[in-house]
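Undergrad: give me coordinates for this.
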Amino acid sequence: MPSAPTLLSQLPYLSDETLKRDYLNRLQWTDSIANTLAKVADRAEAIRMVKLGFEIDLKLGTKLAGSVKNPFQEEALELLDRQVLPPTLKIRLFGISGSNYAIPYLEKALNDPDYRIRENALEALGAIASLAVVFPLIQGMNDKMPSIRQKSAEILGNLGYNTGIDALILALEDSDRTVPLSAAEALGKIATPVAITALKKVFSNQDYSPTWWSVAVALGKLGDRPALDSILAALNHSATNTRIAAADALGEIGSEETIAALLNTLGDSHEFVRTRAAYGLAKIDQDSVVEKLILALNHPRYLVRESAAIALGEIGTTAAENALTAALTDPNEWVQLRAQQGLERIQAAMIAPAGGNNQNSAIELSKPLEEILDNLADTSSFVREKAAKILGKIGSDRAVESLLNVALTDNTYSVRKTAIEALGNLGTAVAVDALLYTLNEGNSLVRQQVGEVLAQMGEGEIVPLLWHDLFTNGDLYLLDAIASIQARCGYYSPLSFQDPST
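TA: Just a heads-up that it's a prediction; the model follows:
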């Protein structure tokens, strides 16, 4: 098999079937082929490769369309536009192309009456990430839907171009609460003198509005001393809501100085302020934070110990778990309760290996199958979830039907999720069939959970089924599942074009 550099000279002599079987269908060649196409000067040869790419896989064809020389990209993307696809999928693919020639298609979608189409168009523009997408994003800042304006501001901040600053400054005065928050964060990311001046102007109002807090956080992340001083001072404000907002802000900033202030706030007189300080520390989640929280478990005030236990339960590291175990013997019952709750949270997040040495796990696995199946109908969601997790380790096909029923009908999110994960853990052909059935019959949230599980354990033979489902329902999360399976197989079309000897 020739190397990628020699492919350029051999293209005219390779048949379509050889190109598809030996090159295009193999993921290992994709980047090399895309780089090669950028050098192909023959229009017909470049478009031929794009067409063959589309015959194998939509994402492959789209990537190649965005890789050909600029003069050919418009024609290459017309091949995508002629595909009969759900609108959301076609929009996502235009974004994947990374080509400026996709922008007119996406601008058109920004005028669609369906706000979900407009949201997808915004995300696709963000994926292209060139300066040319800034002007359509500014158009999105004028959309009638607040969620569109908020998403436009967020993407402008992520791109970081100066061109969108004026629109973001205007958005600081938007009537919807969420838009100024995203605009302030975006201006903080861009952080040019003009952006910082605009933030400081809002900050000077000192009105403690939601926008003011977002501006203060943005400036605090930039190390602005007046902003940080104002937030720290607000921790001593007489109004509880102001102290809560200050604790939230310090958790966002996350510097050493804010850590010290939050640790001190664990002893605030109001429970809500103490709790938000704990969550703020958990959000920072540094080793130094864990160490200081463990020390706080020995504080003379029980309120501080209680709040430290809340934070350690959220962080959930081994060190946090050990400290909470020790705190179960604290003289104060509230500290004991928080320690117990934290341990339960940590243990619920842990997925024990099927063949583990944990004694309790071994006992649960030794229970009669009928007893475990009966527990799936228990009134306690905790019992049902535990039963589903155990069934995922037993490996019996008898468990599949019961897990399938739970995945489709249980009224608790965590139980349904655990049942779907259990089917994935079983990994048998019967379990995969059950997952595919759930994909067809479940609601949107269940379908997304199934897609995540199939991404981890699905094999090549289900890729066509996932593509068919994606064409039918337009659920874009299936693209990730398909890509994950293809990566494991090494092929775009795992059942086609393969050399029997491989």
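
Undergrad: quick one: residues contacting the closest residue to residue 312 other than its chain neighbours.
TA: Distances taken as CB to CB, 6 or more residues apart in numbering put residue 320 closest to residue 312, at 4.0 Å, once the chain neighbours are dropped. For glycine as for every other residue, the C-beta is placed from the backbone atoms N, C-alpha and C. Applying CB atoms under 8 Å, 6 or more residues apart in numbering, one finds that residue 320 lies in contact with 290, 293, 294, 312, 313, 342, 346.

Undergrad: and the strands in the chain, which stretches?
TA: For the chain, applying DSSP state E gives no strands.

Undergrad: residues in contact with the closest residue to residue 342 other than its chain neighbours?
TA: Among residues not flanking residue 342 along the chain, residue 313 sits closest, at 2.2 Å (CB to CB, 6+ apart). By CB under 8 Å, 6+ apart, the residues touching residue 313 are 320, 324, 338, 339, 341, 342, 343, 345, 346.

Undergrad: could you count how many residues lie near the last one?
TA: If you count neighbours by other CB atoms under 10 Å, residue 346 ends up with 20.

Undergrad: per-residue pLDDT of the closest residue to it other than its chain neighbours, please?
TA: Computed as CB to CB, 6+ apart, the closest residue to residue 346 that is not its neighbour in sequence is residue 316, at 4.6 Å. Per-residue confidence (pLDDT) for residue 316: 89.

Undergrad: cool, residue 142 as well?
TA: 94.

Undergrad: end to end on stretch 98-110, go ahead and measure it.
TA: 17 Å (CA to CA, to the nearest Å).

Undergrad: likewise for stretch 38-48?
TA: 14 Å.

Undergrad: then stretch 263-279?
TA: 11 Å.

Undergrad: separation between residue 178 and residue 211?
TA: With the distance defined as CB to CB, to the nearest Å, residue 178 ends up 10 Å from residue 211.

Undergrad: ignore the last one, residue 428
TA: Using CB to CB, residue 428 is found at 54 Å from residue 211.

Undergrad: so between those two, which is more surrounded?
TA: A direct count of neighbours by other CB under 10 Å for residue 428 and residue 211 places residue 211 higher, at 22 against 13.

Undergrad: retrieve the pLDDT associated with the more buried one.
TA: Residue 211 is given a pLDDT of 94.

Undergrad: ok, now the one 4 residues further on?
TA: Per-residue pLDDT puts residue 215 at 96.

Undergrad: contact partners for it?
TA: Applying CB under 8 Å, 6+ apart, we find residue 215 in contact with 172, 184, 199, 202, 203, 227.

Undergrad: isn't the fourth one right up against residue 172?
TA: Looking back up the chat, that one is residue 202. Yes: using CB atoms under 8 Å, residue 202 is in contact with residue 172, at 5.7 Å.

Undergrad: between these two, which one's more packed in?
TA: residue 202 (24 against 20).

Undergrad: the more buried one and residue 211, how far apart?
TA: 6 Å.

Undergrad: which residues are in contact with both of the two?
TA: Shared contacts of residue 202 and residue 211 (CB under 8 Å, 6+ apart): 172, 184.

Undergrad: next up, the contacts around the closest residue to residue 181 other than its chain neighbours.
TA: Leaving aside its chain neighbours, residue 181 sits nearest to residue 214 (4.4 Å; criterion: CB to CB, 6+ apart). Going by CB under 8 Å, 6+ apart, residue 214 touches 180, 181, 184, 185.

Undergrad: how about residue 42?
TA: The contact partners of residue 42, taken as CB under 8 Å, 6+ apart, are residue 12.

Undergrad: against residue 31, how distant is it?
TA: Going from residue 42 to residue 31 by CB to CB gives 21 Å.

Undergrad: for the closest residue to residue 376 other than its chain neighbours, give me the pLDDT.
TA: With CB to CB, 6+ apart as the criterion, residue 376 has its nearest non-adjacent residue at 5.0 Å, and that residue is residue 387. Note on residue 387: pLDDT of 90.

Undergrad: which residues does residue 387 contact?
TA: By CB under 8 Å, 6+ apart, the residues touching residue 387 are 372, 373, 375, 376, 378.
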